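> sequence? don't have it. structure:
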């Protein structure tokens, strides 16, 4: 019997190879940039001038894109800072958020309303929690704008930075943000910008500091490189304020540091390289970010794990005139995935339609996880990364405010349906929303909406009558902005200038796209106009107004 047991072990070794507890799992770094324009990416056609010269000095990003798989068909379902990050970190649409802001907005409107309110809370499934169950150590640095941080208190920009109460609140804000990330599944959370630099406090610290963020990322890698790790590297650039590399390197959301962080080339070096290569200062933030990527590559190479690390890079959403809407100027975004075989068959450009909601299930599967039915709204892009045809044609979904969108093949359908709350809102509430928005603007020392007409029309996603900033840009870009039904042939009209919904020749296409929207909405929470009846009874208007007044105190955050 003993010899039989030895023989069995030998046969097992022959067929299965050396005994291992489990296969080595890849490390993953997810880099999400903020409001990056298409012309700021050399790996896109928009990133090259008429002579083919790159518009940016980004050698590290250029290399990764060249060696990886560029995702030219990538879309963001909810093109705004918070919901875009919600989809990346959860693999689910932002309409699934269950935080208080979202549930109150649902009561007000009678349908799920997506703007800056879909936050991840302790109960929300996240890719970080999923990977922890696979044995990963998880970390994050940089911009939050996705995780609800109970106890965070916005510091008014009109206050003095040397005020002891201001300094204490800045420290407390860092503590509560880090604690919120741990609740969301992250073992390590440091150097957090909660929302954008321009809203974190007095003017002296309303600046980007990639050096400060990056220093913590390097520390995370140094401390955890012997285990499989996942790092969510959320930059604050190239979102405004621009030319952040020219700001005080000691300025952070914690206040002014005694000395600058270490780890990146000096900021004077950035200016010198730009000048030497013939670029203006407007390209400085992208070179600054590229230095961060180069430093990450050098550090993981130093630890001998470069050949077992996957880098996913994307910008949060489009900013070409469609931010806060479901137009292509907001939904169409870009990115790439870089990594070793067999995970990534690189050196390719993929035009396959895909969504940022697909990234979490993709990472989970690449890391050895088995996707459970119903866990993700997104689908794994592993076939695309391997150079295979997707299992089935991808139909893309978009949701923002009072709009929903479907992209199927060459066709795009957008439905605009205002809620009763908007249609029946009394003048007192219109004035109250404008007043709340203006107070928020003043708290940041920004220009206000004093010239907005309170009787004006509402846009696709905002609370402000007569439209807010991004909606005004979209209105100028899209001539059918207020049409209830919009149908576009993206192959012939990628800028969505000709609405075919009223054309008798396309009624069958329109009917099919509406049917697709009904199908996509069916498993999602909440209702939307005639496409899906609301699951909950809508409160009386007086109660919805009361909820709105409470929201005004906190929703501008």
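On my side now, so go ahead. Since we're looking at a predicted model, the values are computed, not measured.

> Who are the contact partners of residue 380?
By CB atoms under 8 Å, 6 or more residues apart in numbering, the residues touching residue 380 are 358, 361, 362, 364, 365, 371. Any C-beta I mention is one placed from the backbone N, CA and C, and that applies to glycine too.

> closest to residue 531 among these?
residue 358 (23.0 Å; CB to CB).

> Next one, pLDDT for that closest one please.
Confidence at residue 358, expressed as pLDDT, is 98.

> Just give the nearest non-adjacent residue to it, would you?
With CB to CB, 6 or more residues apart in numbering as the criterion, residue 358 has its nearest non-adjacent residue at 3.8 Å, and that residue is residue 378.

> Now do the same for the one you found: helix, strand or coil?
Each residue gets one of three states, and residue 378 gets coil by DSSP: H, G, I helix; E, B strand; the rest coil.

> what about it, how many neighbours?
The burial metric for residue 378, expressed as a neighbour count using other CB atoms under 10 Å, is 24.

> That one contacts residue 355, doesn't it?
Yes - contact status for residue 378 versus residue 355: in contact at 6.2 Å, counting by CB atoms under 8 Å.

> Next, count neighbours for the closest residue to residue 203 other than its chain neighbours.
Computed as CB to CB, 6+ apart, the closest residue to residue 203 that is not its neighbour in sequence is residue 157, at 6.3 Å. Applying other CB under 10 Å, we find 20 residues neighbouring residue 157.

> Next: residue 135.
Neighbourhood size, residue 135 [other CB under 10 Å]: 13.

> Return the distance of the closest residue to it other than its chain neighbours relative to residue 363.
Counting by CB to CB, 6+ apart, the nearest residue to residue 135 once its immediate chain neighbours are dropped is residue 228, at 6.4 Å. Taking CB to CB, to the nearest Å as the measure, residue 228 and residue 363 are separated by 12 Å.

> Equivalent analysis for residue 534, please.
When distances are taken as CB to CB, residue 534 and residue 363 turn out to be 34 Å apart.

> Which of these two has more residues huddled nearby?
Set side by side, residue 534 and residue 363 show more neighbours around residue 363, with 25 against 16, by other CB under 10 Å.

> For that one, list the residues it contacts.
Counting by CB under 8 Å, 6+ apart, residue 363 makes contact with 28, 30, 127, 131, 230, 310, 312.

> Repeat that for residue 343.
Shown in contact with residue 343 (CB under 8 Å, 6+ apart): 26, 310, 366, 385.

> Wait, a helix at it?
No - according to three-state DSSP, residue 343 belongs to no helix; its state is coil.

> tell me the pLDDT at it?
We note a pLDDT of 94 for residue 343 in this prediction.

> where's it relative to residue 380, distance?
With distances taken as CB to CB, residue 343 is found 12 Å from residue 380.

> Can you report how many residues lie near residue 164?
If you count neighbours by other CB under 10 Å, residue 164 ends up with 8.

> Now do the same contact list for it.
The neighbours of residue 164, taking CB under 8 Å, 6+ apart as the test, come to nothing; the list is empty.

> For it, give me phi and psi.
Dihedral angles phi and psi of residue 164 (degrees, to the nearest 10) take the values phi -60, psi -30.

> One more: residue 165?
Taking degrees, to the nearest 10, you get phi -70, psi -40 for the backbone angles of residue 165.

> Report how many residues lie close to residue 151.
Residue 151 is flanked by 11 other residues according to other CB under 10 Å.

> give me the element it is part of.
Taking DSSP states H and E as the definition, one finds residue 151 inside no helix or strand.

> List the contacts of residue 395.
By CB under 8 Å, 6+ apart, residue 395 lies in contact with 406, 407, 408, 516, 520.

> change it to 10 Å
353, 355, 406, 407, 408, 409, 513, 516, 517, 519, 520 (CB atoms under 10 Å, 6 or more residues apart in numbering).

> Please tell me how far the first one sits from residue 345.
Looking back up the chat, that one is residue 353. Plainly put, residue 353 is 19 Å away from residue 345 if you go by CB to CB.

> between those two, which one's more packed in?
residue 353 (20 against 15).

> The more buried one is in contact with residue 379, isn't it?
No - using CB atoms under 10 Å, residue 353 and residue 379 do not qualify as a contacting pair, with a distance of 11.0 Å.

> anything in contact with each of those two?
When contacts are counted by CB under 10 Å, 6+ apart, residue 353 and residue 379 have 390, 394 as shared neighbours.

> In terms of secondary structure, what does the helix or strand harbouring residue 312 contact?
Assigning secondary structure by DSSP H and E places residue 312 in strand 309-315. With contacts defined as 3 or more CB pairs under 10 Å, 6 or more residues apart in numbering; DSSP states H and E, strand 309-315 has these neighbours: strand 27-34, helix 59-67, strand 69-71, helix 81-90, strand 229-238, helix 284-302, strand 335-338, helix 359-366.

> Let me have these in CSV, extended by distance to residue 218.
Formatted as CSV, the entries for these read as follows, by distance: least, CB to CB, whole Å:
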stretch, distance to residue 218
strand 27-34, 12
helix 59-67, 15
strand 69-71, 26
helix 81-90, 22
strand 229-238, 10
helix 284-302, 6
strand 335-338, 19
helix 359-366, 21
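
> Which of the ones you listed has the highest mean neighbour count?
Across the helices and strands packed on strand 309-315, the average number of neighbours (mean count of other CB atoms under 10 Å) peaks for helix 81-90, which reaches a mean of 28.

> which element follows that one toward the C-terminus?
Scanning the chain past helix 81-90 towards its C-terminal end, the next helix or strand to appear is helix 100-109 (assignment: DSSP H and E).

> Give me the buried positions along that next one.
Of the residues in helix 100-109, 101, 102, 103, 104, 105, 106, 107, 108, 109 count as buried by neighbour count, 16 or more other CB atoms under 10 Å.

> Stretch 38-52 now?
For stretch 38-52, the neighbour count (16+ other CB under 10 Å) marks 38, 40, 41, 42, 43, 44, 47, 48 as buried.

> which residues touch it?
Residues lying outside stretch 38-52 but in contact with it, judged by CB under 10 Å, 6+ apart, are 33, 37, 53-59, 61-62, 64-66, 68, 70, 72, 237-238, 282-283, 285-286, 289, 313, 315, 318-320, 332-336, 349.
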